[in-house]
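J.: compute the structure for the input listed below.
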Amino acid sequence: MNKAKLATLGIQHLLAMYAGAILVPVIIGGALGFNATQMTYLISIDILMCGVATLLQVMRGKVFGIGLPLVLGCTFTAVTPIIGIGNEFGLGSIYGAVIASGLIVVLISGFFGKLVKFFPPIVTGSVVTIIGLTLIPVAFNNAAGGQGAKDFASAENVILAFTTMLLIVLIYRFSTGFVRSIAILIGLVVGTVIASFMGKVDFTNVANASWLHMVKPFYFATPEFNLVPILTMTLVAIVSLVESTGSYFALSNMTKTPIDSKALARGYRSEGLASIIGGIFNSFPYTAFSQNVGLMQMTGVKNRAVIVVTGVMLVALGFLPKIAALATIIPTAVLGGAMIVMFGTVMSQGVKMLAVAIGKNEGNAMIVACSLGMGLGVTVLPEIFKVLPSVLQLITSNGIVAGSLTAIILNIVFNMIPWKRESLSMEAQQELDAVNPRKQSTKFSEKEA
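T.: Numbering: from 1, shown residues only. This is a model prediction of the structure:
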């Protein structure tokens, strides 16, 4: 493959993941009140770390790197937890939790396959759904212009937000292939152009940003290690590992590259190491981006060299704050319109996972009901458990942690403990009824009697 083709394909993968890569720092930085200079640095370091994480994963070493053409980016699963930790514990606790969770992933990578049984789709689906649901209010707040804005919920902001959302939907509906994969990126660009004609785009940040800078460890804060943030980010990391495992096997099948437990462990270690480095440079935890897996399926090009080019491009862009500053000019309302779609997608992914799981076992419906109810309830009213000891309040005051632990415990109760009397699953009962309808009627007769 010649250099021109490699570069073209590398740029294509970069564009496919770019919207997801920049939106995470834009959302988190905005929620935590970062100024223009801080936002520019945050976006720059996130782009750079996406490249570093990608290169760590695409290599095939003895300890790190699964050796598959994977592109890594910051997981949206981390957005709500990071904002919550930042608001309650401070920036230092965010990065301490990111580093600690990454270290935990590195340490458990060798036997994570044994722990996966505690995180089946019914658990991970519940966690992802809770996170998606808690993100939607953030999206609508931005669609209105951002809390505290002078023109909050003005007609212009609402029109901009929902025009952007409509553009994304139309592009996704009436396009195919690569154009569809970058629908959100196109929507953000077109929405910003429309906003510029309305006088809502300010290029001052871009003009003031330098062309080149050096990254610095602990730029925003020195890591602080607190129990709840670490527990929260560890749960996020485990969910991300489960999601990444799906991408590992999908690419293994596509590239005809068999992977074993040792290869999986190397992949998990790479993600953990990326999180450790991300925490040191005040960035985020990283996971495999499924949109790039889809792009490879569409193009048929599954060459690792292409992903190496993408990783190098991302690292190079991370040293160019002028490019990163372009993301800061996106009006809040335009960003909110795109966020509705993206966060809705997170939620729908969780619902998709749950739909299959609920159909397999009646008890799974109860797991979902309790975990979602607990997660959303604690998010809305975190002080409900204030009568508990302070140690327990560390866990019960966080909706994502409370909902996740509820799902894990109930999954053990319903699906892992061998009770003496176990009811048939819905699917099994339907199959039995289909084979022997006479017995079904007898069963109902006995109940009526």
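
J.: how near is the nearest residue to Lys200 once chain neighbours are set aside to Thr37?
T.: In space, and not counting its chain neighbours, Lys200 is closest to Pro331: 4.8 Å by CB to CB, 6 or more residues apart in numbering. (Glycine included, C-beta is placed from N, CA and C.) Pro331 is 19 Å from Thr37, where distance means CB to CB, to the nearest Å.

J.: quick one, which of those two is more surrounded?
T.: Ranked by neighbour count (other CB atoms under 10 Å), Pro331 and Thr37 place Pro331 first, with 26 against 14.

J.: pretty sure that one contacts Phe197?
T.: No: using CB atoms under 8 Å as the test, Pro331 is too far from Phe197 to be in contact (11.7 Å).

J.: hmm, back to that, pLDDT wise, what is the residue nearest to Lys200 at?
T.: pLDDT recorded at Pro331 is 85.

J.: list the contacts for it?
T.: By CB atoms under 8 Å, 6 or more residues apart in numbering, Pro331 lies in contact with 160, 191-192, 195, 200-201.

J.: and what of Phe111?
T.: Applying CB under 8 Å, 6+ apart to Phe111 gives no contacts.

J.: confirm it sits in a strand?
T.: No: read with DSSP: H, G, I helix; E, B strand; the rest coil, Phe111 is helix and lies in no strand.

J.: rewinding a little: out of the contacts of Pro331, flag the one nearest to Val378.
T.: Of all the contacts of Pro331, Val378 sits closest to Leu160, with 33.3 Å by CB to CB.

J.: just the element for the closest one, please.
T.: Leu160 is part of helix 155-174 when elements are defined by DSSP states H and E.

J.: and that helix, what does it pack against?
T.: Counting contacts by 3 or more CB pairs under 8 Å, 6 or more residues apart in numbering; DSSP states H and E, helix 155-174 is packed against helix 121-143, helix 177-181, helix 183-197, helix 332-360.

J.: list the buried ones in that helix?
T.: Buried residues in helix 155-174, defined by neighbour count with 16 or more other CB atoms under 10 Å: 157-158, 160-161, 163-165, 167-168, 171-172.

J.: tell me how far the residue lying closest to Met339 once chain neighbours are set aside lies from Tyr95.
T.: If the residues on either side of it in the chain are set aside, Met339 comes closest to Ala139, at 3.7 Å by CB to CB, 6+ apart. Between Ala139 and Tyr95 the distance, using CB to CB, works out to 25 Å.

J.: list the contacts for Leu160?
T.: 191, 194-195, 198, 200, 331, 333-334, 337.

J.: can you check Ile329 too?
T.: Applying CB under 8 Å, 6+ apart, the residues near Ile329 are 192, 201-203, 205-206.

J.: for Ser109, same thing?
T.: Counting by CB under 8 Å, 6+ apart, Ser109 has contacts 265-266, 268-269, 272.

J.: about what we covered before: for burial, what's the neighbour tally of the residue nearest to Met339?
T.: Ala139 has 22 nearby residues by other CB under 10 Å.

J.: wait, it touches Ile340, no?
T.: Yes: in this structure Ala139 lies within contact range of Ile340 using CB under 8 Å: 4.5 Å.

J.: so where is the stretch 201-350 of the chain shaky, pLDDT-wise?
T.: 246, 250, 290-291, 293-295, 297-301 (pLDDT under 70).

J.: pick out the residue nearest the middle of this protein.
T.: Phe76 (2.5 Å; CA atoms, centre = their mean).

J.: what sits against the closest residue to that one other than its chain neighbours?
T.: Among residues not flanking Phe76 along the chain, Val346 sits closest, at 5.3 Å (CB to CB, 6+ apart). Taking CB under 8 Å, 6+ apart as the criterion, Val346 is in contact with 76-77, 128, 131-132, 135.

J.: widest-spaced pair of those?
T.: Checking those with CB to CB, the most distant pair is Val128 and Leu135, at 10.7 Å.

J.: tell me what the closest residue to Ser244 other than its chain neighbours is bridged to.
T.: Excluding its sequence neighbours, the residue lying closest to Ser244 (CB to CB, 6+ apart) is Ala288, at 4.2 Å. Under DSSP bridges, the beta-bridge partners of Ala288 are Leu72.

J.: use 93 as the first number for this chain going forward.
T.: Done: numbering now begins at 93, and the last item shifts to Ala380.

J.: gap between Ala380 and Ile399?
T.: 11 Å.

J.: give me the common contacts of those two.
T.: With CB under 8 Å, 6+ apart as the test, Ala380 and Ile399 both reach 162-163.

J.: confidence score at the closest residue to Leu427 other than its chain neighbours?
T.: Residue nearest to Leu427 in three dimensions, not counting chain neighbours: Asn234, with 5.5 Å by CB to CB, 6+ apart. Note for Asn234: predicted pLDDT of 80.
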